[in-house]
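A.B. asks: test case, fold it:
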Amino acid sequence: MPHLLVHPADHSLQDTLKAHLRRHLKAGFILVHLELAEREAYVVCGHPGGRVSASVVPYALLSEPLPGGEHLVVYDPLSERHNPDAARPSAHLLKLLTPDDQTGRFAGLANQTQWRRRAQTWQARVQRSQSGEVLLGYYTDADRGFHFNEAAKAALRQDATRYLKRVLKHLGWAGTVTFNPAGPGVSGDAYLHTRPAGSAVGAAVAVGTGASPTAVSENGVGIRWYLEPDRAAAGSRHQRCFRNHWAAFDVPADALAETIRAEQARQEAESPASPSVSGLAGHHAPGG
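C.D. replies: Numbers count the residues shown, from 1 in each chain. Predicted structure coming up:
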């Protein structure tokens, strides 16, 4: 059942939600921790018997207040025992919970374990993205889209350029990583252009919401790559060997680098020192 609340201007959203939840806690329960995401709050509560568990509380801020002044909608908490869809709490929150093997036998334990495993999988993805080994591909600021959303664009830029620098490191070739912010209504795209020394065939990788028609992240981020000929000669722009390729957004940087390296070596072996393997300019691949 939704609750309509007035969110005072001099209170943080977190404080307003805490006050609401404390008013509705059952006897003997305590609010231990609360953290906010774009559309839900993750809440940790202590139970009378000492067990500590998590819940997800969906909420929405209204663009205009209702006649009574309410402009915050808060829905009933969804216990982790019901395996709610949202499962992106912080690593700190997960450490506060009573371990599965200490929760005892009660209804919903299997679902609770499933929710926690999903949350742990998310945290592992976050950790790997910090090194650039994988794209995170999901940004809280982008839940409402990238349209006129500079915070979301900045998050994509950081994530994508970090990932492409890691791809470049795994390739071991010379290259550059850039970001084209484009206009305010789109996400922008990150690009990698790279080529092994002395080769007529290099490669380009693009990461952004327009990069791939399939295998995209929750925010629509995908990966497109293609072999890129030397610009010194012309005539190869529409050759099939330079067509677009798409990779799943969660492909590890080392795996993508290996795929690109193998395809580049195969093409170079088929057309060694060929002047026809050249001529693609700019950031755009030929049609796939």
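
A.B. asks: C-alpha from now on. contacts and neighbour counts both.
C.D. replies: Fine.

A.B. asks: and after the helix-or-strand element of the chain with minimal mean pLDDT, which helix or strand comes next?
C.D. replies: Least confident helix or strand of the chain, by mean pLDDT, DSSP states H and E, is helix 109-130 with a mean of 88. Proceeding N to C from helix 109-130, the next assigned helix or strand is helix 150-171, under DSSP states H and E.

A.B. asks: what strands line up against the following helix or strand past that following helix, and which way round?
C.D. replies: Using DSSP H and E, the helix or strand that follows helix 150-171 in sequence is strand 174-180. Strand partners for strand 174-180, identified by DSSP bridges, are recorded as strand 189-195 (antiparallel).

A.B. asks: got the domain boundaries for the chain?
C.D. replies: Listed by automatic domain parsing, the domain ranges of the chain are 3-130, 140-270.

A.B. asks: for the stretch 151-288 of the chain, give me the ranges with low pLDDT.
C.D. replies: 211, 231-240, 271-288 (pLDDT under 70).

A.B. asks: what about P65, neighbour count?
C.D. replies: Neighbours of P65 under the rule other C-alpha atoms under 10 Å: 14.

A.B. asks: quick one, phi psi at it?
C.D. replies: Here is the backbone geometry of P65 (degrees, to the nearest 10): phi -70, psi 150.

A.B. asks: who does the least confident helix or strand of the chain touch, helix- and strand-wise?
C.D. replies: Under the contact criterion of 3 or more C-alpha pairs under 8 Å, 6 or more residues apart in numbering; DSSP states H and E, helix 109-130 touches helix 91-96.

A.B. asks: tell me what the helix it packs on is packed against?
C.D. replies: Partner elements for helix 91-96 (3+ C-alpha pairs under 8 Å, 6+ apart): helix 109-130.

A.B. asks: now do the helix it packs on: everything it contacts.
C.D. replies: Residues outside helix 109-130 that contact it (C-alpha atoms under 8 Å, 6 or more residues apart in numbering) are 80-84, 87-91, 94, 100, 134-136, 159, 163.

A.B. asks: now those: which count as buried?
C.D. replies: For the contacts of helix 109-130, a burial check counting by 16 or more other C-alpha atoms under 10 Å picks out 80-84, 87-90, 94, 134-136, 159, 163.

A.B. asks: G188 is in contact with N180, correct?
C.D. replies: Yes. Using C-alpha atoms under 8 Å as the test, N180 is close enough to G188 to be in contact (5.5 Å).

A.B. asks: those two: which is more packed in?
C.D. replies: Taking other C-alpha under 10 Å, N180 and G188 do not tie; G188 has more neighbours (21 against 13).

A.B. asks: test my guess that the more buried one contacts K153.
C.D. replies: Yes. Contact status for G188 versus K153: in contact at 6.9 Å, counting by C-alpha under 8 Å.

A.B. asks: quick check: neighbours shared by those two?
C.D. replies: What both G188 and K153 touch, as defined by C-alpha under 8 Å, 6+ apart, is the set P181.

A.B. asks: and which of the buried ones among the contacts of helix 109-130 is nearest V57?
C.D. replies: Taking C-alpha to C-alpha as the measure, V57 lies nearest P84 of those, at 9.8 Å.

A.B. asks: quickly find the element holding the closest one.
C.D. replies: Assigned by DSSP H and E, P84 belongs to neither a helix nor a strand.

A.B. asks: skipping adjacent residues, who's closest to it in space?
C.D. replies: Beyond its immediate neighbours in the sequence, the residue positioned closest to P84 (C-alpha to C-alpha, 6 or more residues apart in numbering) is L78, lying 6.4 Å away.

A.B. asks: bridging residues for V205?
C.D. replies: If you apply DSSP bridges, the partners that V205 bridges to are L192, W225.

A.B. asks: and it, how many neighbours?
C.D. replies: 29.

A.B. asks: how about P252, nearest residue that isn't a chain neighbour?
C.D. replies: With sequence-adjacent residues excluded and distances taken as C-alpha to C-alpha, 6+ apart, P252 is closest to V134, at 4.9 Å.

A.B. asks: for G208, same thing?
C.D. replies: Among residues not flanking G208 along the chain, D189 sits closest, at 4.6 Å (C-alpha to C-alpha, 6+ apart).
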